[in-house]
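> Dropping the sequence and predicted coords here.
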Amino acid sequence: MSESSAPVVVAGGTGFFGSAIVEELVGRGHPVFVVSRRRPKDEDQVPGVEYLAEDLAARVPESRLPRAATLINCAAETSGGWDAHERNSVQVVRSVVSWAAQAEGVRLLHVSSIAVLAPDADGAVSDRSVLAEASRKGGPYIWGKVASERLAWDLARSEDIDLKVYRPAAILSGEGDEIPGQLGRRAGPLFVAVGRPAERMGVIYLKEAAIEVADMVAGWSGVPSALNGLSRTLPTKGELVAGHRGLAPGRVVWLPRPLLGLLSRAMGIAGRSRIPDLRRVFAPLGDRPPVPAYLSLPVKDSSPGESG
């Protein structure tokens, strides 16, 4: 069986990113199975895809799960608190790796996030950054992503599973209806943008990211174990704000980055517990030219086994 026709299972394949991956794989001729907590409505299903409703955070008998050459894990919590990320991100990884371990020869591709990379002293990350420790300083989302990826590496190593990790930057649809969380926050009628309008923003567009995941499946043996996904042409923060349909120019306030550390310390002194370090939350990727590689940012291994 050729790589282009080998079956693929996508866990969490009904979400924003997972659905795009499924469409890309089907377009390349792969038989695709999707496992998610709920079966989507008929009109939301991709033709030819088999959908299975299973709660992967619970113990699912392997006999109820499909067999495939590659298992892609996109299932993860995106907005809840600590317990939600523990259950729907970390515990799902345990289940998915256990599932992969029962299927002889299956390859596992775990979708993580560029947010797992440890920032430097200035709060920035780059292609030289390594996997961060699972600290709660950055809030539930970052903790869940780091803890999930670290667990995936540990379990894959102990179970002798062929694992690769894809770490996309903030994923945008490209339709001008969303703002990456790292760019800023709404404050009443205003939008407070962090940094300078000319700063490059670490994002990737949905179609680009889906293509990269499908390319990883197709070129598995030649792909590094961990890949960070960035758009080939990184937009500036000013361009993202200007292109958003819901942000009026007169209601955008730019907050200089040096103030982030002061704000974080002030919020802590005020007695608010578990306030994330704002420099970490809004970590920039810095200015970077377009990357010509077919996978947008090939990097050296930054799995725990390679870089601690």
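Now that the structure is in, tell me what you want to look at.

> Run through the helices of the protein in chain order.
Using DSSP state H, the helices of the chain run over 16-27, 82-85, 91-102, 140-159, 206-218, 237-243, 258-269, 278-281, 304-307.

> Among these, single out whichever gets nearest to Gly229.
Nearest to Gly229, of all the helices of the chain, is helix 206-218, at 5.3 Å by C-beta to C-beta. In short, each C-beta sits where N, CA and C put it, glycine included.

> lowest-pLDDT helix or strand in this structure?
Lowest on mean pLDDT, DSSP states H and E among the helices and strands of the chain sits strand 297-298, with a mean of 36.

> Find the nearest non-adjacent residue to the most centrally placed residue in the chain, please.
Compute the mean C-alpha point of the chain, and by C-alpha atoms, centre = their mean the closest residue is Ser113, 3.2 Å away. Ranked by C-beta to C-beta, 6 or more residues apart in numbering and with sequence neighbours excluded, the top spatial neighbour of Ser113 is Lys145, at 4.6 Å.

> which strand in this protein runs the most residues?
strand 162-168 (DSSP state E).

> about what we covered before: for the residue nearest to Ser113, the count of nearby residues, please.
Look at Lys145: counted by other C-beta atoms under 10 Å, it has 26 neighbours.

> OK, contacts around it?
Counting by C-beta atoms under 8 Å, 6 or more residues apart in numbering, Lys145 touches 76, 89, 112-113, 115-116.

> ok, how many other residues are close to the residue lying closest to Val223 once chain neighbours are set aside?
Nearest residue to Val223 in three dimensions, chain neighbours excluded: Met216, at 5.0 Å (C-beta to C-beta, 6+ apart). The number of residues packed near Met216 is 22, by other C-beta under 10 Å.

> what about Met216, distance to Leu163?
Look at Met216 and Leu163: by C-beta to C-beta, to the nearest Å, they are 12 Å apart.
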